[in-house]
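**Q** Sharing a model that was predicted from the sequence below.
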Amino acid sequence: MTRVTVLADADAVAIAVADHFIAAATAAIDERGMFRVALSGGGTPKQVYPLLLEPERRGAVDWSAVEFFWGDERSVPPDHPESNFGVAYGMLISHLPGVRPDRIHRMPAEAADLDAAALSYESELRLAFSTHGDEVPAFDLVWLGMGPDGHTASLFPDSGALDEAQRWVVGNWAPSQETWRMTLTFPVLNAARATVFAVTGADKAFALQQIREGSAELPAARVTGDAVEWIVDRAAAGADES
């Protein structure tokens, strides 16, 4: 773990993640003319998205230069309330000025042939990032969460995608959820220029403690890019955290 920031509560975490997002976006656009981000699922984005729409933050970014991707997706259609895309589009993207439709890359995880859909999304990544050969796309920011079991994106303990070293996107069976998901894999997650984990709640405390003590067993611990920041609340950090 590169850096851990412990804040008072989930509201403070949401504010910090929103500010982190805006800082990463403005820096990437200034340096490279584009900001490519992989968005998270889970509960925290629902707190962060309204903060990104506040005038000061929304006005700080040229949203036409932002390209949206997702770290994972549930096997539901885009209008389903559990769709990571649907939440992001309804709460954030549809309210932003200047966003280009061709820069919104939804994961089609509801497809009947999930493997073919994952290969198609990988091809979409290659085109968007103009990669060649074995070159892995480098997101400007990968935004992740962590479940109580230590999963991140849809990389669950004891799932097949944990050992994937070649594919960038796969369909993955989530044993604890008894469902299929689509997810980015570790080769892509670990190639990001920056990664931010947003983790809140006492139910995450045991998994976070294991990771902070150096355990590499949990999936989230295997995200080891060059600039990984964990922004967590006191409940997730443990009751004795100052």
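**A** Yep, that arrived. What you see is a predicted model, and the numbers here were worked out from it, not measured in a lab.

**Q** Tell me where the longest helix sits in this structure.
**A** helix 10-32 (DSSP state H).

**Q** Which strands and helices lie in contact with that one?
**A** strand 3-7, strand 35-39, helix 44-52, helix 55-58, strand 141-144, strand 195-199, strand 228-233 (3 or more CB pairs under 8 Å, 6 or more residues apart in numbering; DSSP states H and E). Using the backbone N, CA and C atoms, a C-beta is placed for each residue, glycine as well.

**Q** can we see that at 7 Å?
**A** Contacts defined by 3 or more CB pairs under 7 Å, 6 or more residues apart in numbering; DSSP states H and E place helix 10-32 against strand 3-7, strand 35-39, helix 44-52, strand 195-199, strand 228-233.

**Q** Now distance to residue 16 too, for these, in TSV please.
**A** Formatted as TSV, the helices and strands packed on helix 10-32 follow (distance: least, CB to CB, whole Å):
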stretch	distance to residue 16
strand 3-7	6
strand 35-39	16
helix 44-52	9
strand 195-199	8
strand 228-233	5
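
**Q** roughly how far apart are the closest residue in space to residue 227 that isn't next to it in sequence and residue 89?
**A** With CB to CB, 6 or more residues apart in numbering as the criterion, residue 227 has its nearest non-adjacent residue at 4.5 Å, and that residue is residue 194. Here the criterion is CB to CB, to the nearest Å. By it, residue 194 lies 23 Å from residue 89.

**Q** Kindly report the same for residue 232.
**A** Residue 232 is 27 Å from residue 89, by CB to CB.

**Q** low-confidence ranges in the protein?
**A** Along the chain, segments meeting pLDDT under 70 span 1, 239-242.

**Q** mind running it again at 90?
**A** In the predicted model of the chain, residues 1-2, 132-134, 175-178, 214-216, 225-226, 239-242 satisfy pLDDT under 90.

**Q** related to what we said a few turns ago, the more surrounded of residue 194 and residue 89?
**A** Set side by side, residue 194 and residue 89 show more neighbours around residue 194, with 22 against 18, by other CB atoms under 10 Å.
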